[in-house]
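Trainee: what shape does this take:
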Amino acid sequence: MEADSLCRSSCGGEEMKAAGTMEKRELVHLFVTVFLSSFSIFLVFPAITDVTIAAVCPGRESCSLAIYLTGFQQAMIGMGTVVMNPLIGNLSDLYGRKALLTFPLTLSIIPLAILAYSRETNFFYAFYLLRTLTAMTCEGSVNCLALAYVADNIPEKERISTFGILAGFTSTSFVCGTLVARFLPTSLTFQVAALGSMMAAVYMRIFLKESRLSDHGDSSLSRPILKGSEPVLERITDDDDYTPKEKVAFKKMPSAADLFGLLRSSKTLSQAGIITFFQSLAEGGMQATVLYFFKARFQFNKNQFADILLLVGISGAISQMIFMPLLATRIREERMLSFGLLLSCISMFLNSVAWAPWVPYAATVFSSFGLLAQPTIRSIASKQVGPTEQGKAQGCMAGISSFANIISPLVFSPLTALFLSEDAPFNFPGFSIMCLGLATVIALILSTMIRVSPPISSHSVA
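Mentor: Below you'll find the predicted structure:
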């Protein structure tokens with residue numbers, strides 16, 4: 001009897017260990033999918049400005065209409081993703097991560113295929129319309145679903161390291177996309193991007209296995225927030241015997257009250273949401289204004305811009321894929337969050353008072369470690385909900401980030417233009433960058449107040 005018990009215990013342990021190994025191997029397919037998808041997006045970034053101006057204002061070097069079209073598109077995309085990211089996250093809890101990943105990966109192919117065929121004015125406007133509509137539907141949802149997939153398959157203690165590695169793959173795809181774009185002629189850029197987007201969708205459908213939420217997590221940790229999420233017992237008949245099976249029913253369309261209810265369900269989750277807002281506000285403002293500031297301050301051109309972006313991408317990938325897993329074993333998540341936000345503040349303040357062209361290059365050292373903040377926030381949020389609510393939590397965080405990215409350009413772009421003009425109230429060209437740093441300071445202060453409960457593993461992965 002005792003020997004049989006030991007055998008069962010040993011065999012069970014080996015099975016759990018093997019299951020955990022298989023789940024971690026599945027993440028390799030997820031990382032490849034995220035890399036290919038992000039690569040196709042970043043590849044067109046350097047070329048899209050010239051293509052837009054050539055289509056809208058042929059023969060001109062600058063075009064106000066192109067700027068307004070781009071700004072309108074960004075605002076519309078932000079408004080769409082505020083609604084769609086929480087919805088897609090919620091549906092992924094019901095239908096599975098792989099099923100919902102198919103949706104954005106497939107839609108993203110269509111706009112790229114149009115410009116791959118022709119970049120003439122009519123085709124550009126077709127691209128513009130479809131790009132706006134598809135991005136309103138699925139911008140950021142691949143990352144949201146990838147984070148939920150990681151949370152399904154990785155124990156809580158290892159989750160922050162894996163989130164960092166996932167972010168590192170995105171940074172690596174940014175570096176690769178930017179490098180390839182520099183050497184690839186514009187005529188081939190969109191064809192290669194469309195091919196990469198197709199490969200991401202096909203690879204995901206063939207190799208990525210669906211998460212099985214019932215295999216992950218103690219039911220005691222599942223805390224349904226939305227109405228209609230109570231477990232339902234379903235009678236399953238098998239050879240005249242039946243066993244009750246727990247089936248979870250969800251509302252398919254989350255309302256604003258549902259999302260606020262989700263945030264209010266945990267003080268830590270609500271704090272993470274507020275930190276996400278201020279951090280995304282500063283990050284979106286930097287993306288919208290800092291290159292214009294560098295051009296006006298130091299007359300940088302596209303080569304200097306590319307150099308700085310590549311430095312940020314390379315150093316960011318190193319910090320997320322190497323330093324973040326190392327730090328995760330030594331310091332608590334909330335301390336890592338504060339560390340990342342502190343270095344992000346230093347980077348913004350340095351850029352705001354930059355006195356020489358080498359200062360922005362030096363500031364990339366700090367900004368690269370500032371990239372640790374976002375994966376850490378997502379890891380903290382993932383531990384505040386049960387295994388059947390990971391999609392909702394990540395979608396909610398993505399929605400908050402999208403909302404901040406709508407507000408940020410509307411506030412900081414005019415502020416930057418004002419202080420770079422001759423009509424500035426006082427001589428401080430980097431004033432808007434300093435304001436962005438102050439927004440990050442608010443996030444930093446809030447991060448020192450957050451208290452994460454000790455992780456209780458919702459996984460039985462050895």
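
Trainee: what's the pLDDT at F294?
Mentor: Reported pLDDT at F294 in the predicted model: 77.

Trainee: measure how buried it is and give me the count.
Mentor: 20 (other Cβ atoms under 10 Å). C-beta coordinates here come from the backbone N, C-alpha and C atoms, glycine included.

Trainee: same check on K209?
Mentor: Neighbour tally, K209, other Cβ under 10 Å: 15.

Trainee: can you tell me the helix or strand for the residue nearest to the spatial centre of the chain?
Mentor: Nearest to the mean C-alpha position of the chain, by Cα atoms, centre = their mean, lies N143 at 4.5 Å. Per DSSP states H and E: N143 is located in helix 141-153.

Trainee: report the buried residues of that helix.
Mentor: Neighbour counts over helix 141-153 (16 or more other Cβ atoms under 10 Å) mark 141-153 as buried.

Trainee: mind putting these in CSV, distance to L410 and pLDDT included?
Mentor: Formatted as CSV, those follow (distance: Cβ to Cβ, whole Å; pLDDT from 0 to 100):
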residue, distance to L410, pLDDT
S141, 23, 85
V142, 26, 87
N143, 23, 84
C144, 23, 82
L145, 28, 87
A146, 29, 87
L147, 27, 83
A148, 30, 84
Y149, 33, 88
V150, 33, 86
A151, 33, 82
D152, 36, 82
N153, 38, 83
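
Trainee: ok, so of these, who is nearest A296?
Mentor: Nearest to A296 among the buried residues of helix 141-153 is N143, at 32.0 Å by Cβ to Cβ.

Trainee: if I look at the residue nearest to the centre of the chain, how far off is V82?
Mentor: The gap separating N143 from V82 is 15 Å, by Cβ to Cβ, to the nearest Å.

Trainee: again, but for T33
Mentor: From T33 to V82 the distance is 25 Å (Cβ to Cβ).

Trainee: what do you get for P425?
Mentor: 33 Å.

Trainee: between the two, point out the one with more neighbours.
Mentor: Per other Cβ under 10 Å, whichever of P425 and V82 has more neighbours is V82, with 19 against 8.

Trainee: pretty sure the more buried one sits against I406.
Mentor: Yes: at 7.1 Å, V82 counts as touching I406 under the criterion of Cβ atoms under 8 Å.

Trainee: which strand or helix spans the nearest residue to L36 once chain neighbours are set aside?
Mentor: What sits nearest to L36 in space, not counting adjacent residues and going by Cβ to Cβ, 6 or more residues apart in numbering, is A200, at 3.7 Å. Using DSSP H and E, A200 sits within helix 186-207.

Trainee: same question for S413.
Mentor: helix 390-420.

Trainee: helix or strand for the nearest residue to D307 once chain neighbours are set aside, which one?
Mentor: With Cβ to Cβ, 6+ apart as the criterion, D307 has its nearest non-adjacent residue at 7.6 Å, and that residue is Y361. According to DSSP H and E, Y361 maps onto helix 359-370.

Trainee: what residues sit buried inside that helix?
Mentor: P360, A363, T364, V365, F366, S367, S368, F369, G370.

Trainee: re earlier: need the contact partners of the helix holding A200.
Mentor: Residues outside helix 186-207 that contact it (Cβ atoms under 8 Å, 6 or more residues apart in numbering): 29, 32-33, 36-37, 39-41, 43-44, 47, 50-51, 98, 101-102, 105-106, 108-109, 112-113, 115-116, 119, 180-181, 184.

Trainee: so L147 makes contact with G164?
Mentor: No: counting by Cβ under 8 Å, L147 stays clear of G164, with 11.4 Å between them.

Trainee: the residue lying closest to T289 once chain neighbours are set aside - how many residues pack around it?
Mentor: Using Cβ to Cβ, 6+ apart and skipping the chain neighbours, the partner closest in space to T289 is T416 (4.1 Å). Counted with other Cβ under 10 Å, residues neighbouring T416 total 25.

Trainee: which ones are touching T416?
Mentor: Applying Cβ under 8 Å, 6+ apart, the residues contacting T416 are A288, T289, Y292, F293, S432, I433.

Trainee: what helix or strand is the last one located in?
Mentor: This means I433. Using DSSP H and E, I433 falls in helix 431-447.

Trainee: ok and that helix relative to helix 390-420, angle-wise?
Mentor: Angle of helix 431-447 versus helix 390-420, following axes from the mean of the first three to the mean of the last three Cα atoms, to 10 degrees, is 150 degrees.

Trainee: what segments of the stretch 51-200 of the chain are strands?
Mentor: Secondary structure of the stretch 51-200 of the chain (DSSP state E, counting those that start in this stretch): no strands located.

Trainee: remind me which residues of it are low pLDDT?
Mentor: 60-64, 66-68, 71 (pLDDT under 70).

Trainee: what segments of it are helices?
Mentor: 64-95, 97-107, 109-117, 121-138, 141-153, 156-183, 186-207 (DSSP state H, counting those that start in this stretch).

Trainee: turn these into JSON lines, including distance to S347.
Mentor: What follows is those, written out as JSON lines (distance: least, Cβ to Cβ, whole Å):
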{"stretch": "helix 64-95", "distance to S347": "23"}
{"stretch": "helix 97-107", "distance to S347": "31"}
{"stretch": "helix 109-117", "distance to S347": "32"}
{"stretch": "helix 121-138", "distance to S347": "28"}
{"stretch": "helix 141-153", "distance to S347": "22"}
{"stretch": "helix 156-183", "distance to S347": "16"}
{"stretch": "helix 186-207", "distance to S347": "30"}
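
Trainee: relative to G391, which of those is closest?
Mentor: Judging those by Cβ to Cβ, what sits closest to G391 is helix 64-95, at 3.8 Å.
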